[in-house]
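[1] Predicted coordinates and the sequence they were generated for:
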Amino acid sequence: MTYRIAEAANVVGVPRTTLRYYEDIGLMPAPGRRPNGYRVYDESDLARLRFITAAKNLGIPLADVKALAAAYDVEDCTSVAHQVVEMVAVRLAETQTRIGELVALAAQLQDVSGRLAAAPTAGACGADCPCTTVTIEPTSPRRTFVPLTLTPLTADNEAIACTLRPDAVPDQVSDWQELVARAVDRRTIDGGVSLVFPAEGDLAAQIARLAAAEQDCCTFFTFTVRLTPGQIRLDVQAPADAAEIVAAMFGAPV
């Protein structure tokens with residue numbers, strides 16, 4: 001079966017301009033032509049285009065995709081897959097570094113928010129008011145970020161790490177954000193933060209469920225749930241290296 005350029009682009013899910021660009025830079029071979037001059041693509045062209053698209057969707061730079069495409073033409077699947085794994089590892093390391101930067105930034109923003117909330121209720125802004133003095137530290141290569149890895153923890157590996165699958169992280173973070181927003185108080189405790197919730201409905205069960213799920217994938221956390229008349233208290237504790245994660249997830253204590 002053969003396809004015109006619009007049909008080929010539609011089947012793979014890329015714009016026609018992208019397909020032409022790939023041909024211009026040598027990622028795709030020059031297509032055959034019909035007597036009327038129209039480009040024509042076969043199933044092997046579409047397979048190659050799907051491979052290129054998949055590599056691009058993984059965030060692999062175009063120059064590296066070109067190297068992969070060259071390997072795709074002459075090497076077996078195992079060899080090509082191994083090269084993709086190496087490039088994905090680089091991309092993963094870059095992403096983890098960025099996550100660390102964002103966690104650090106979130107912790108600083110939490111602190112800034114708390115300081116601004118404590119601004120005087122009367123009088124003009126001055127040199128010492130938080131409106132003009134709050135700041136955040138610029139990120140730099142010298143800063144040490146909390147490493148977030150997919151390496152399972154063992155008795156000999158006490159690194160701050162998470163084993164949760166990447167596609168499950170957004171849902172779990174969202175669940176925590178919704179829960180933390182219901183806290184009526186937040187206080188500093190040794191090694192972490194204590195959140196106080198009203199004793200409402202099934203809130204205790206929800207807290208326990210989330211705490212158990214988080215501790216299952218991030219074993220460096222310690223959660224303690226206390227039920228007292230009229231309130232539920234959740235204590236979240238972690239090693240000092242994870243302080244920024246605690247602040248980012250559960251809010252900066254006051």
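    Alright, I've got the coordinates.
[2] which sections of the stretch 1-150 of the chain are below the confidence cut-off?
    Within the stretch 1-150 of the chain, the stretches with pLDDT under 70 are 96-97, 99-101, 103-104, 107, 121, 134, 136-150.
[3] So for the one helix or strand Lys56 maps to, what gets flagged as buried?
    If you go by DSSP states H and E, Lys56 is part of helix 43-57. Of the residues in helix 43-57, 45-46, 48-49, 51-53, 55-56 count as buried by neighbour count, 16 or more other C-beta atoms under 10 Å. The C-beta positions use only the backbone N, C-alpha and C, and glycine is treated the same way.
[4] what does the domain assignment say about this protein?
    Segmentation of the chain into domains, based on automatic domain parsing, reads 5-74, 87-250.
[5] May I see the ones you listed arranged in CSV, with distance to Val80 as well?
    Shown next, in CSV, are the domains of the chain (distance: least, C-beta to C-beta, whole Å):
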stretch, distance to Val80
domain 5-74, 5
domain 87-250, 11
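[6] Now the following helix or strand past the helix holding Lys56: buried residues?
    Where DSSP H and E defines the elements, the next helix or strand beyond helix 43-57 is helix 62-74. Neighbour counts over helix 62-74 (16+ other C-beta under 10 Å) mark 64-66, 68-69, 71-72 as buried.
[7] same deal with stretch 8-25?
    8-9, 12, 14, 18-19, 22.
[8] Mind exporting the C-alpha coordinates of that stretch to PDB?
    What follows is stretch 8-25, C-alpha atoms only, in PDB (Å, rounded to 0.1, in the frame of the first residue of the first chain):
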ATOM      1  CA  ALA A   8       1.400   9.500   5.400                       C
ATOM      2  CA  ALA A   9       1.500  12.400   7.700                       C
ATOM      3  CA  ASN A  10      -2.000  11.800   8.900                       C
ATOM      4  CA  VAL A  11      -1.400   8.100   9.600                       C
ATOM      5  CA  VAL A  12       1.700   8.800  11.700                       C
ATOM      6  CA  GLY A  13       0.300  12.000  13.300                       C
ATOM      7  CA  VAL A  14       2.800  14.600  12.100                       C
ATOM      8  CA  PRO A  15       2.400  17.700  10.000                       C
ATOM      9  CA  ARG A  16       3.200  17.500   6.300                       C
ATOM     10  CA  THR A  17       5.800  20.300   6.900                       C
ATOM     11  CA  THR A  18       7.600  18.100   9.400                       C
ATOM     12  CA  LEU A  19       7.800  15.200   7.000                       C
ATOM     13  CA  ARG A  20       9.200  17.500   4.300                       C
ATOM     14  CA  TYR A  21      11.700  18.900   6.900                       C
ATOM     15  CA  TYR A  22      12.900  15.400   7.800                       C
ATOM     16  CA  GLU A  23      13.500  14.700   4.100                       C
ATOM     17  CA  ASP A  24      15.400  17.900   3.700                       C
ATOM     18  CA  ILE A  25      17.800  17.100   6.600                       C
END
